[in-house]
Every structure is written in structure tokens, then in C-alpha cells.
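Make a model of this:
(2 chains)
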2 protein chains.
Amino acid sequence: MSAGAARVRRTSTRLADGRELIYFDDSEPYVSGAATRRLDDPRPLPDRFADVVDEDGTARPVTAPEMRYDVLTGEWVPMAAHRMNRTFLPSAETNPLAPARPGAAYSDGEIPATDYDVVVFENRFPSLVAVPGVPDEVRYLDGEPLWPTRPAAGRCEVICFSPDPAGSLAGVGTRRMRTVIEAWADRTARLGALDGVEQVFCFENRGKEIGVTLHHPHGQIYAYPYLTPRTATMLRQARAHRERTGRNLLRDVLEAELRSGRRVVAESEHWAAYVPAAARWPVEVHVAPRRDVPDLPALTDPERSDLARLYLRVLQAGDRFFTWPEDSPRAGEPIPLPYVAGWHQAPVREGRDDLRLHLQLFSVLRAPGKLKYLAGSESGMGAWVSDTTPERIADRWRDVMADDVKEPGA
Amino acid sequence: MSAGAARVRRTSTRLADGRELIYFDDSEPYVSGAATRRLDDPRPLPDRFADVVDEDGTARPVTAPEMRYDVLTGEWVPMAAHRMNRTFLPSAETNPLAPARPGAAYSDGEIPATDYDVVVFENRFPSLVAVPGVPDEVRYLDGEPLWPTRPAAGRCEVICFSPDPAGSLAGVGTRRMRTVIEAWADRTARLGALDGVEQVFCFENRGKEIGVTLHHPHGQIYAYPYLTPRTATMLRQARAHRERTGRNLLRDVLEAELRSGRRVVAESEHWAAYVPAAARWPVEVHVAPRRDVPDLPALTDPERSDLARLYLRVLQAGDRFFTWPEDSPRAGEPIPLPYVAGWHQAPVREGRDDLRLHLQLFSVLRAPGKLKYLAGSESGMGAWVSDTTPERIADRWRDVMADDVKEPGA
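Take a look at the predicted model:
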């Protein structure tokens, strides 16, 4: 697999409204370069930054999305106050992430190619977007120094893991997963190079339990123009640890987990998966590289290939974590795990030695049909209460990892 | 209403398993002191701290609940690792918060009295509880300095707002609301005086959308043995503001909101309700006193009475915030608002001059039948994205506040 990176072909294109769309093809014939290729988006979309025309014919400039500083918490909050050009909405029956139908005059989906391996494109309705000509300046709502506002000048992208709408990331196979990792690394490096971007977050929301309405296997990539609260908090903790011990906090955490072994659920040559000692979600697992690495672009080829295999094992085990109980009509059947999986990476400009790459996967499902709700203590006070223990979670992960079957493509 | 406080009669009792239960009666005949009185809990509950006896007859001491320090965030996470005496569970059909049935040998509910006004009792399955004889000491999981653990030695209480299982806090009337405020103030003062308690949080979770399965109108009171993340964050912000300006942050926020007026939704002699400038929830409102006050016990009688009236107006308006759409069978009918409402109070031991009492009420409902989900960005990164703007939220609050009807009991 050491030649993996070289095998992926990257083709950047533009959609009709000006958004970037990038194909990541992992094998011959590279689909976006072969017979199925159709790079031009034939939809009659106006440029996304063109003036918005009202029903009475009045034209006005697109409003840039804004974010406000929450002075009680020190956090920026992007607001959907803006109106982008929303004239062309796909019909409800359409899957906008499916490949275009061959021979159709045009698809009302987002992807012009009639087949693809992995594809990334800018979200049509982004909460973060840099609007050309809008200066990245702090202004003050009502002139009050307590209320700074700024353009929410980041970027929101969608990543499709597979052309098959009925699949899941757990089922794409190691070669395709390797391409997903290439795409994540590419986006992290390129988005991090954009003006004003402080941090890149690659993540997947999966399952209706966390509000996903589109079942096509896909994830998202956010380029934030600020440090997110979780990253800022981890950075503060990591710096305090460095000051106290001279060491990297996340490396020390990994070493302590490996030393203890009590919550380690899987190991490979370059990676380890463990339930952290203070896990707060009903299901949680972290996946960390053995080597000190700030972000995905810093991974070597062998580390990427090894990750592709290990992450698939974790995802497949996740889909065995819960089974329908004996008294249900689907007794014993596994329940596809609803989850959030996100890559914690070092920010672009700071903490490169203090923050260390790791994946956090967690679920709100605490038992078949039962969710962990974030109510008063969690949502009001940020004070988590766990319904279980990290050791119980780890025991279950190990049970379901043990059912591993060798994947044919591995 | 200036004699309001004097009118409430407080009667502390013990349940069969040793938990404290306190009646707050607001009018003659004080129900817990009159004909309906039955103070003794007749249930065959073993003492909650007695040894747990296994099926084979083995007795072992109750395990104290534990909390672990999350070194990545600096937060304590209580864990439901303990086993309390759970031998006596109410049947599923029972409402454990209803008054006892008159004449019944015993109720399997929690409240021995056959009628009550407001009642508070210790939660039977608490995530925070001080177990006698367990020292409040930091220990280290696996001997690792990265993994401090401590007993979760706080207290979790339930507060019933009304004996009527079908009612809601919005409908209790000003006299009863005044008693609820007395009960909150009493619990804040008394729980704050307990060893090791750092902070008291009075809150209400309402609606199945946030996981409430028990519809009897009730709230909860948590006495945390640590500063919650939200409070620690606000305290850090308030101290930085004090250092920079010499002023109190929350007072400056209130004054700026009143000066702008754009998001103020209601005012009274002693209180103001406003949507904060960086509100992040689909529905949110803060209620703050005009006078600098650290917590509920510090409120004067007139402030409490004024709050009772204003808070009822806010809650009633909340239940008009959303109505079923025209194409639904219940077109135009108001939707009871699912919400979390919590009192941010100064901690017991620090920040008494920097943190200032205010209520935060918010909802995950963003439209009829549509929820705001906390997915990757919010749950993984703590990075909120609002689907609306504070001004739109405030406009809607003002619309529904304008429908105020004078309450007969006011």
C-alpha cells in the first residue's frame, strides 16, 4: 500500500454557481477522467455571489454570513442571517449526492459525473463562507464593545464516501477508505492555507438520531475562521501540561492508556484505539497514531494505509455494538450505530506541537431505542453525567471487535 | 406580596430510605400540616446506604458514585458506576410525583402526603450523592497522575411544582410560582452550605424532545461538588472583563441590552427579559434582575414577587411561540414549548461579585416538528451554528408576549 498516495487522482472543477467540486479517483479507469466523465455542471444555477433578485425585480447584494462573539463564553457563534441564492432547490425525492444519471440532460443533484469514487464539494447552504469583497473586519453590533461581529468567512464542504446511496463508510473497503483519508488530508492542507482559516474539522454525522436526513454515505469538512471551543480548551490543557511536565499531553494520554491496557480496544502497527478514561458518551472511542502527528497531512503513507484498515474495523464493530433485544421482532439483529466521528487536528497557526491528531467517535445511543439526551446539566451547564463507565464501554467494544472478519479487499 | 416569604411553611421530613423530603406550603390550611398530612413514608424501603444484598445473600457496601477528571478538557465527569439499593421500583403506570392516594395503605409514589403545594426531595437514583463514611479524596485511576477520580459527593433533588400531574409550571399561578421561588432559594442556600458543594443549579427540563418521560410538572436541583464548565467559562470571562474595565460583565450586558432595546422582550419593576446578542439556540431568552444579585437567596421579597409574575408571562408566551402549521390537523393550535430553563447563580465560594444571577431558557425546537440537533460541530467541537438570529427570536417573543392576558390570580 506504500504507493497508495500516488494512485489517487485529484481533479478540481467548478459547479455552475461557482462552487468548487473535487474528484478523488482511486483506481483505473479514473472515473472522472474516463467515459463517465462529465465535468461541466449543466444546471441553470446563478453565480452564488451574484445579486439576489427579489420577486419585484429588485436586485441586492448577497449578504455575507455573520458570526457574533458570545461575551459570556468567549465563543464565536455563526448565524444563518444571510440569504444566498437559493433559487434552485433539488426536489425532495432527489438524492443530491448521487452521481448524475447517464444520458440525462442534466441532474438536479450536485455531482455532474455519472460515476465517482470520492468527491468533495462546497456546501450549497454554508454556515461559513468567504464572500468576495467583504472585508474580514470586526464590527460592533449597535456600536457596543461587548458585541463584536465578524464575517463567518470560512468554508463548509461535503464529502461523499461512495457513489452507492445505500452504502456506508464502514462498507467501502480499504482502498476506498484510503482515498477518503487522502481527501481529508488534501482538504486539511488546502483549506488550512486559505486566508483567515484557523482550523479544519473533518467529520461524519451518521443516523437519523442525530438529525441526518440524507442517507447517502457522506461527511462534512468545516474550515473555521476561529478556534473552536473544544480545541481551545484542549490547547489550554495541553499547554498547562507542557508547562508542568515538559511533555505532550495527548502523547502522555496515549502512553498511559497503552500502559494500563484496560480500555484499549484495538491496536495496529501505527495506531491504537481506546476508550478514554473519562469517556462521557454512552459509546465512545478514540483512535490515535503512535507517532506524534499534528494533523492528517502529516501522516506517512504506511500510517494512512494502516489507518484505513483499523478505522474500517472500528466502524464495522460499531455496527455490532447494539443488537435488537430478544423481545423485539428483529431480535438479535445488529443496529447500525448512529454516531458522530470527528478528527481533532492541531490548528493551522498555533499549538502545532501541543495538539496531536486523534479521531473521536461517539454515539448518543445508550441502548436499543434509548438515547442520551443533553438536557439541563449538559446543555445548560456543560456538566456531563455519564450513564455508564469507560470500562463497560471498552468491554463491549472488545467483544464486538473480536467478531472481526478478514475483509476480502484487505 | 411583601409578606410572601413569611407565608410559606417549610416542613422537612425523611423518606423510608433516609432521603430528605421537604414540603413548601403556601397557604392555609397548610396541606402537609392539616388533614391530608401523612409525613411518614410507609414503603418497605431499605436504608439507601445500607449494604446491598445480592441474590446469594452476600452483603456488600454501597459503592459511592465516582467522577473522573477529563484531562483533555479539565472537566469532571460523574459516572453512574455505583449500585444503590434499587430493590423497590415503582410500577411503570405509576406517577411517582403524584400525592399519595387518600386511604391507601401505602403509595408506591415518592410523596407520602395526600396533597401538597410544592415539594422537594432527594432523587432516588442520584448521579451526585455524598455517601456517609466515604472520604472526599482525590485518587488516581491505575495510579496514573493523568486520571484523578473523586467521589461524586453532591446532591440531586427533584422539585414538584404542583400536585396536578396534568399541569405545567406556566399554569401554577403567581402564588404557587412565588412558593417555587422560595423553594429554589431555600435549596440554593442550604445545599450551598453542605461540605464540598461548589455550585447549586435549579433547572427544569420540559418535553419529550429533550428526553423527559415523566410529564408531572417538576424540575431538578443539582448541587455540584465542582464548578460546571459553563460557570467556569463565564467566571473566566467576567474576571477578564473586570480586569479590563473594572466593571461587572453581566451588569454591562444587561445595561447594553436595555440601551439597545432591540432584543428586550419584557420588562418589569425589578427584572428584564431579553434575547442575548449572541443567542445560539433556536429559541432562547435570559431573565435578569436589575439589581446586582449573586443568587436566588439574595433576592428581596418584592424582587421575588415581581419575578413570579414575569416568569409566568415568559413561560406562557413560550407556549405560544410555535403553532401547528395550516396544513396540519391541529392548524393554528399552540405547541407546548419543549425547553430547558436553568438558573445561573454565582458559585458558593468564589466569583460572588463577578457572576450575577440570571435565568437562561432555551429550546431545541426550531419549527413545528423540527429539532435543532447537536451534531459534529456542536457536540464534537463545541462550535455552535445558529439557524436563525437573535433579532428574529426576539421579534417572535415580543409577538407572543403581546398576547398576554391578565392572569386572574395576579
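
Who is the residue nearest the centre of chain A paired with across the strands?
With distances taken as Cα atoms, centre = their mean, residue A:203 lies nearest the centre of chain A, 1.3 Å away. Residue A:203 forms beta bridges with residue A:220, residue A:342, as assigned by DSSP bridges.

For it, give me its contacts.
A:219-222, A:340-343, B:376-377, B:380 (Cβ atoms under 8 Å, 6 or more residues apart in numbering or on different chains). Just so you know, the C-beta spots here come from the backbone N, C-alpha and C atoms, and that holds for glycine as well.

How much space separates it from residue A:118?
To residue A:118, residue A:203 is 16 Å away according to Cβ to Cβ, to the nearest Å.

and the contacts of residue A:203, which are buried?
Listed as buried from the contacts of residue A:203 are A:219-222, A:340-343, B:376-377, B:380; burial here means 16 or more other Cβ atoms under 10 Å in any protein chain shown.

Export the residues you listed as TSV, with columns for pLDDT and distance to residue A:396.
TSV is the format used below for the buried ones among the contacts of residue A:203 (pLDDT from 0 to 100; distance: Cβ to Cβ, whole Å):
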residue	pLDDT	distance to residue A:396
A:219	98	25
A:220	97	28
A:221	98	30
A:222	98	30
A:340	98	18
A:341	98	17
A:342	98	21
A:343	98	23
B:376	94	23
B:377	95	27
B:380	96	21
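
which of those residues lies closest to residue B:194?
Distance to residue B:194 across the buried ones among the contacts of residue A:203 (Cβ to Cβ) is lowest for residue B:380, with 35.2 Å.

residues from the stretch 301-410 of chain A in reach of chain B?
A:340, A:342, A:360, A:362, A:371, A:373-377, A:379-390 (Cβ under 8 Å from any Cβ of the partner chain).

Out of those, name the ones that lie in strands.
A:340, A:342, A:360, A:362, A:371 (DSSP state E).

Tell me the one of these nearest chain B?
Distance to chain B across those (Cβ to the nearest Cβ) is lowest for residue A:342, with 3.9 Å.

Disregarding residues adjacent in the polypeptide, which is nearest to the closest residue to chain B within the stretch 1-150 of chain A?
Per Cβ to the nearest Cβ, residue A:70 is where the stretch 1-150 of chain A lies closest to chain B, at 3.7 Å. Leaving aside its sequence neighbours, residue A:70 sits nearest to residue B:278 (Cβ to Cβ, 6 or more residues apart in numbering or on different chains; 3.7 Å).

Check residue A:287 too.
In space, residue A:287 is closest to residue A:359, 4.2 Å off (Cβ to Cβ, 6+ apart).

Number of residues surrounding the one you found?
Residue A:359 has 23 neighbouring residues, counting by other Cβ atoms under 10 Å in any protein chain shown.

For it, give me its contacts.
Here residue A:359 is in contact with A:286-288, A:311, A:341-344 (criterion: Cβ under 8 Å, 6+ apart).

That one and chain B, how far apart?
Distance, residue A:359 to chain B, by Cβ to the nearest Cβ, to the nearest Å: 10 Å.

How confident is the prediction for that residue, by pLDDT?
pLDDT, residue A:359: 98.

cool, and the one 5 residues further on?
pLDDT, the model's per-residue confidence, is 95 for residue A:364.

Kindly list the main-chain dihedrals of it?
Dihedral angles of residue A:364 (phi, psi; degrees, to the nearest 10) stand at phi -90, psi 0.

My guess is it contacts residue A:370. True?
No - the pair residue A:364 / residue A:370 is not scored as a contact, 9.6 Å apart, by Cβ atoms under 8 Å.

Quick check on these two: which one has the bigger neighbour count.
A count of neighbours by other Cβ under 10 Å puts residue A:364 above the other of residue A:364 and residue A:370, at 22 against 13.

State the distance from that one to residue A:317.
18 Å.

Residue A:259 should be in a helix, yeah?
Yes - assessed with DSSP: H, G, I helix; E, B strand; the rest coil, residue A:259 lies in a helix.

what about it, neighbour count?
12.

can I get the contacts of residue A:203 in a markdown table with distance to residue B:131?
Formatted as a markdown table, the contacts of residue A:203 follow (distance: Cβ to Cβ, whole Å):
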| residue | distance to residue B:131 |
| --- | --- |
| A:219 | 44 |
| A:220 | 44 |
| A:221 | 47 |
| A:222 | 44 |
| A:340 | 35 |
| A:341 | 37 |
| A:342 | 37 |
| A:343 | 40 |
| B:376 | 38 |
| B:377 | 39 |
| B:380 | 34 |
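
which of these lies closest to residue A:196?
residue A:222 (13.5 Å).

for the closest residue to the closest one other than its chain neighbours, what are its contacts?
Distances taken as Cβ to Cβ, 6+ apart put residue A:201 closest to residue A:222, at 4.7 Å, once the chain neighbours are dropped. Applying Cβ under 8 Å, 6+ apart, we find residue A:201 in contact with A:221-224, A:228, A:342-343, A:345, B:376-377, B:380-381, B:383.

so where does residue A:201 fall, helix or strand?
strand A:199-206 (DSSP states H and E).

and if you look at residue A:178?
Residue A:178 belongs to helix A:173-192, assigned by DSSP H and E.

can you give me the strands for the stretch 301-410 of chain A?
A:339-344, A:358-363, A:365-367, A:370-371 (DSSP state E, counting those that start in this stretch).

of all those strands, which lies closest to residue A:269?
The stretch from the strands of the stretch 301-410 of chain A with the least distance to residue A:269 (Cβ to Cβ) is strand A:358-363; that distance is 16.8 Å.

Residue A:120 pairs with what?
Bridge pairing for residue A:120 - DSSP bridges - gives residue A:22, residue A:159.

list the contacts for the residue of the stretch 1-150 of chain A closest to chain B?
Counting by Cβ under 8 Å, 6+ apart, residue A:70 makes contact with A:76-77, B:276, B:278, B:280.

gap between the closest residue to residue A:293 other than its chain neighbours and chain B?
Distance criterion Cβ to Cβ, 6+ apart; nearest residue to residue A:293, sequence neighbours excluded, is residue A:357 at 4.7 Å. Plainly put, residue A:357 is 13 Å away from chain B if you go by Cβ to the nearest Cβ.

ok, residue A:357 - contacts?
Residues near residue A:357 by Cβ under 8 Å, 6+ apart: A:288-289, A:293-296, A:298-299, A:343-346.
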